[in-house]
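Enquirer: After the sequence you'll find the predicted model.
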Amino acid sequence: MSRQKFVAGNWKLNKTLSEGQELVSTILENLGDDSVTKIIFPPSVLISSLVNTVASAEHFFVGAQNCSEHESGAFTGEVSAAMLSSVGCKFVLVGHSERRQYFGETNSIASKKIKLALQNNLKVIYCVGERLTERKTNKHLEVVKTQITEALQSLDPANVIIAYEPVWAIGTGETATPAQAQEMHAHIRSVLENLFGADVAANTSLLYGGSCNAQNAKELFACADIDGGLIGGASLKADDFCKIIQSF
């Protein structure tokens, strides 16, 4: 089974416009494998400008780190899926652990966001993953199953990519071993098969998102069920990001 490969960079709360343009320009000069889909997720105020910067690049897109669960209305500071789509955004992250932790987002809210994103022709990278206490108490498989089931069961999964991000490995320098990562990715594929059937499970791209970097990407990407990475800190360095793209 040949699934699409992805390397997605989540910039989080980093980079001004000039810094972002410089970073992208450097990445574009050293891309490597054009068959890999590359996505950057800058802060929302930079999206429109960076869409123009990557417009001529092959398989290179700009996504949003978040969208509102509301279509429109009196929600100061929020950005809707329709707004993102209107400025050329092609992807959106939903359910990132930092959104869950700091903003109280639930699987139910994630489901509403995914629905609106898909309705507005955005592809979704849906983030799932367990905390350290949940792994230590052997609840990690059930936690991820619940996150997927509650957010996706009533939706069309055709344009959904899933990123597994062990919360205990984000920004800590810790990384799941390839065996741990592969076990969870295989579990996710099994959950998808139970929900949507074997074809959907086999064709859905799954990304690893726990401190993936230029040093460990090759070993992680060699795992049977890992189709790329959702990259945090390493995506802020052009050389590292390009090395990860070249790790397949």
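Expert: Received it, and whenever you're ready, just let me know what you need. Numbers count the residues shown, from 1 in each chain.

Enquirer: Which SSE is immediately downstream of the helix or strand of the chain with the lowest mean pLDDT?
Expert: Across the helices and strands of the chain, mean confidence by mean pLDDT, DSSP states H and E is lowest for helix 132-136: a mean of 90. Scanning forward in sequence from helix 132-136 by DSSP states H and E, the next helix or strand is helix 140-152.

Enquirer: what's that following helix packed up against?
Expert: In terms of contacts (3 or more CB pairs under 8 Å, 6 or more residues apart in numbering; DSSP states H and E), helix 140-152 is packed against helix 107-119, strand 123-128, strand 160-164, helix 178-196. Quick note: C-beta positions are derived from backbone N, CA and C, even for glycine.

Enquirer: Now do the least confident helix or strand of the chain: everything it contacts.
Expert: The contact list for helix 132-136 (CB atoms under 8 Å, 6 or more residues apart in numbering) reads 140, 143, 166-168.

Enquirer: Mind listing what's buried along it?
Expert: 134-135 (16 or more other CB atoms under 10 Å).

Enquirer: Check whether residue 233 really touches residue 171, as I assumed.
Expert: Yes: at 7.1 Å, residue 233 and residue 171 qualify as touching, with contact defined as CB atoms under 8 Å.

Enquirer: who's more crowded, these two?
Expert: Neighbour tally, residue 233 and residue 171, criterion other CB atoms under 10 Å: the higher count belongs to residue 233, 18 against 13.

Enquirer: gap between the least confident helix or strand of the chain and the chain center?
Expert: 22 Å (CA atoms, centre = their mean, to the nearest Å).

Enquirer: Likewise for stretch 217-234?
Expert: On CA atoms, centre = their mean, the centre of stretch 217-234 falls 12 Å from the chain's centre.

Enquirer: low-confidence ranges in the protein?
Expert: 1, 33 (pLDDT under 70).

Enquirer: which residues in it form strands?
Expert: 6-10, 37-41, 60-64, 91-94, 123-128, 160-164, 206-208, 228-231 (DSSP state E).

Enquirer: any idea which of those is most buried?
Expert: Of the strands of the chain, the one with the most neighbours on average (mean count of other CB atoms under 10 Å) is strand 228-231, at a mean of 28.

Enquirer: which residues touch it?
Expert: So strand 228-231 is contacted by 5-10, 36-37, 93, 125, 127, 163, 165, 205, 207-209, 212-213, 217, 220-221, 241, 244, 248 (CB under 8 Å, 6+ apart).

Enquirer: now with 7 Å?
Expert: 5-10, 125, 163, 165, 205, 207-209, 212, 217, 220-221, 241, 244 (CB atoms under 7 Å, 6 or more residues apart in numbering).

Enquirer: likewise stretch 28-44?
Expert: 4-11, 13, 15, 20, 24, 50, 57-65, 79, 91, 93, 238, 242, 245-246, 248.

Enquirer: again, but for stretch 212-222
Expert: With contact meaning CB under 7 Å, 6+ apart, stretch 212-222 is reached by 175, 178, 181, 208, 226, 228-229, 231, 234, 240, 243-244, 247-248.

Enquirer: and the residues you listed as a markdown table, adding distance to residue 190?
Expert: Converted to a markdown table, the contacts of stretch 212-222 look like this (distance: CB to CB, whole Å):
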| residue | distance to residue 190 |
| --- | --- |
| 175 | 23 |
| 178 | 18 |
| 181 | 15 |
| 208 | 17 |
| 226 | 15 |
| 228 | 19 |
| 229 | 21 |
| 231 | 25 |
| 234 | 29 |
| 240 | 32 |
| 243 | 31 |
| 244 | 27 |
| 247 | 26 |
| 248 | 24 |
